[in-house]
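**Student:** can't give you the sequence, but here's the structure:
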Ligand SMILES: Nc1ccn([C@@H]2O[C@H](COP(=O)(O)OP(=O)(O)OC[C@H](O)CO)[C@@H](O)[C@H]2O)c(=O)n1
């Protein structure tokens, strides 16, 4: 049932034209033609790779919490290797890779293998010799403290990312969040958000943001197990411990970044582990205060796309103003004979996502 819902959501909301239905694997799926085809003859301005929810662990295959999806913990490393090999062989070398969070699985903590697993995946990524921008997800916080992450290989804020010459809005906060922005090419900017800035896993007592997060959760979820959603259906499901949100400080910073980007007539891609558009994900995976980010995106013409992970089934939605909300399919729930990664070719008027395996090709025209 859940699977059908995701297939439907993924397919019906893309910018393509619905042309028919057919039955596949006992489930109805919609079939679409895209309004524009990939055009390989034009040289892109730059390209980048995208991959999400690798969740590597050196353990036997398992299942998600509901036992509806198989998880291939060891094989996820092989899929990462294959993605990396493909990126290295691209005619135009990707300028960077966006790793959308949950690079290793929380099970590593149980087996005291967090450091080793992280070293394994980071070494695999390093073989590509392509700069990687890391996003932090819930599984990062199952394995490491925020301080540990700040001084780990997963802190890509320390890579220059082409932002040295840019004006970077500053923040007053005493509680550091993991956010930054970079400009890989003139007129393009990428913004990395911290979706666990407010959360019960990304913040610890006695931090102010931890208590603020506890207050939010207590207002919405009365369950003893806070990983259990407060309602079986609908948007309120998002108030679970494995999600989080954006602090006011982070939102103020984002407002500053987007205002500058508007002034410079830039195209902005925002990335976060948690999706922010209800039509691009199962609501159980939404950021707690997703509305705040959505209204900010609506107020800034520079934003062209929001990319996230977390919902391993993926999702996609283009809103009324033409902003694309892409949730990338997770590597961890991808069978060994398939793939889950993409390469994005960036042009003056569009981005073309070339998907592999479960990730569909998409033409993302700018609004
Ligand atoms: N109803 C639930 C769901 C999950 N849990 C526990 O919460 C933790 C996180 O769950 P997990 O499925 O591992 O999180 P992922 O980030 O891998 O996936 C997110 C979405 O589910 C993907 O669609 C974990 O400890 C679960 O056991 C729970 O208690 N109750």
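**Tutor:** Now that the structure is in, tell me what you want to look at. What you see is a predicted model, and the numbers here were worked out from it, not measured in a lab.
**Student:** So which bits of the stretch 151-300 of the chain are right by the ligand?
**Tutor:** Residues of the stretch 151-300 of the chain lying close to the ligand by Cβ under 6 Å from any ligand atom are 225, 227, 228, 242, 285. For the C-beta atoms, the positions are set from N, CA and C on the backbone; glycine is no exception.
**Student:** Can I have the buried ones of those residues as a PyMOL selection?
**Tutor:** Filtering those down to the buried ones (16 or more other Cβ atoms under 10 Å) takes a single PyMOL command:
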select buried, resi 242+285
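**Student:** Find the pair from the residues of the stretch 151-300 of the chain next to the ligand with maximum spatial separation.
**Tutor:** The two members of those with the most space between them (Cβ to Cβ) are 225 and 285, at 17.6 Å.
**Student:** Find the nearest non-adjacent residue to residue 101, please.
**Tutor:** Distance criterion Cβ to Cβ, 6 or more residues apart in numbering; nearest residue to residue 101, sequence neighbours excluded, is residue 137 at 3.0 Å.
**Student:** same question, residue 61
**Tutor:** Excluding the flanking residues, the one nearest residue 61 by Cβ to Cβ, 6+ apart is residue 72, at 5.3 Å.
**Student:** quick one: pLDDT of the one you found?
**Tutor:** At residue 72, the predicted lDDT confidence score is 98.
**Student:** right, and it touches residue 332 too?
**Tutor:** Yes: in terms of Cβ atoms under 8 Å, residue 72 counts as a neighbour of residue 332; the distance is 6.6 Å.
**Student:** neighbour-wise, which of these two wins?
**Tutor:** residue 332 (26 against 21; other Cβ atoms under 10 Å).
**Student:** Which strand or helix spans residue 363?
**Tutor:** Element membership of residue 363, judged by DSSP states H and E, is strand 362-365.
**Student:** Can you list the helices and strands that that strand packs against?
**Tutor:** Packing partners of strand 362-365 (3 or more Cβ pairs under 8 Å, 6 or more residues apart in numbering; DSSP states H and E): strand 324-327, strand 350-357.
**Student:** Repeat the analysis, applying 10 Å as the threshold.
**Tutor:** Where contact means 3 or more Cβ pairs under 10 Å, 6 or more residues apart in numbering; DSSP states H and E, strand 362-365 is packed against strand 303-308, strand 315-318, strand 324-327, strand 340-346, strand 350-357.
**Student:** list the buried ones in the second one?
**Tutor:** Using 16+ other Cβ under 10 Å as the burial criterion, the residues of strand 315-318 that qualify are 315, 316, 317, 318.
**Student:** For the ligand, what's the nearest residue on the stretch 151-300 of the chain?
**Tutor:** Nearest residue of the stretch 151-300 of the chain to the ligand, counting by Cβ to the nearest ligand atom: residue 227, 3.2 Å away.
**Student:** Please read the previous query as pertaining to the stretch 51-200 of the chain.
**Tutor:** Using Cβ to the nearest ligand atom, the single residue of the stretch 51-200 of the chain nearest to the ligand is residue 65, 3.7 Å away.
**Student:** And the strands in the stretch 101-250 of the chain, which stretches?
**Tutor:** For the stretch 101-250 of the chain, the strands defined by DSSP state E, counting those that start in this stretch occupy 132-134, 180-185, 188-192.
**Student:** Present the ones you listed as CSV; the columns should include mean pLDDT and mean neighbour count.
**Tutor:** Listed next are the strands of the stretch 101-250 of the chain as CSV, based on pLDDT from 0 to 100; neighbours: other Cβ atoms under 10 Å:
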stretch, mean pLDDT, mean neighbour count
strand 132-134, 98, 22
strand 180-185, 97, 20
strand 188-192, 98, 22
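**Student:** Pipe these into a markdown table and attach distance to residue 273 per row.
**Tutor:** Formatted as a markdown table, these follow (distance: least, Cβ to Cβ, whole Å):
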| stretch | distance to residue 273 |
| --- | --- |
| strand 132-134 | 10 |
| strand 180-185 | 15 |
| strand 188-192 | 10 |
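**Student:** Determine which of these approaches residue 157 most closely.
**Tutor:** With respect to residue 157, and counting by Cβ to Cβ, the nearest of the strands of the stretch 101-250 of the chain is strand 180-185 at 4.4 Å.
**Student:** what are the pairing partners of the closest one, and which direction each?
**Tutor:** If you go by DSSP bridges, strand 180-185 pairs up with strand 188-192 (antiparallel).
**Student:** Quick check, pLDDT for residue 307.
**Tutor:** At residue 307, the model reports a pLDDT of 99.
**Student:** where do the helices sit along the stretch 1-150 of the chain?
**Tutor:** When assigned using DSSP state H, counting those that start in this stretch, the helices of the stretch 1-150 of the chain occupy the ranges 2-12, 75-89, 107-110, 114-126, 138-143, 146-150.
**Student:** What is the distance between the fifth one and the centre of its chain?
**Tutor:** Just to be clear, that refers to helix 138-143. On the basis of Cα atoms, centre = their mean, to the nearest Å, helix 138-143 sits 15 Å off its chain's mean C-alpha point.
**Student:** For that helix, name the packing helices and strands.
**Tutor:** If you count contacts as 3+ Cβ pairs under 10 Å, 6+ apart, helix 138-143 packs onto helix 107-110, helix 114-126, helix 146-150.
**Student:** Highest mean neighbour count across the ones you listed, which stretch is it?
**Tutor:** helix 107-110 (a mean of 19; mean count of other Cβ atoms under 10 Å).
**Student:** Can you give me the buried ones in stretch 203-220?
**Tutor:** By neighbour count on 16+ other Cβ under 10 Å, the buried set for stretch 203-220 is 203, 209, 210, 212, 213, 216, 217, 220.
**Student:** contacts for it?
**Tutor:** For stretch 203-220, contacts defined as Cβ atoms under 10 Å, 6 or more residues apart in numbering pick out 141, 145-147, 173-175, 177, 196-202, 223, 226, 229-231, 236-241, 243-245, 247-250, 288-289.
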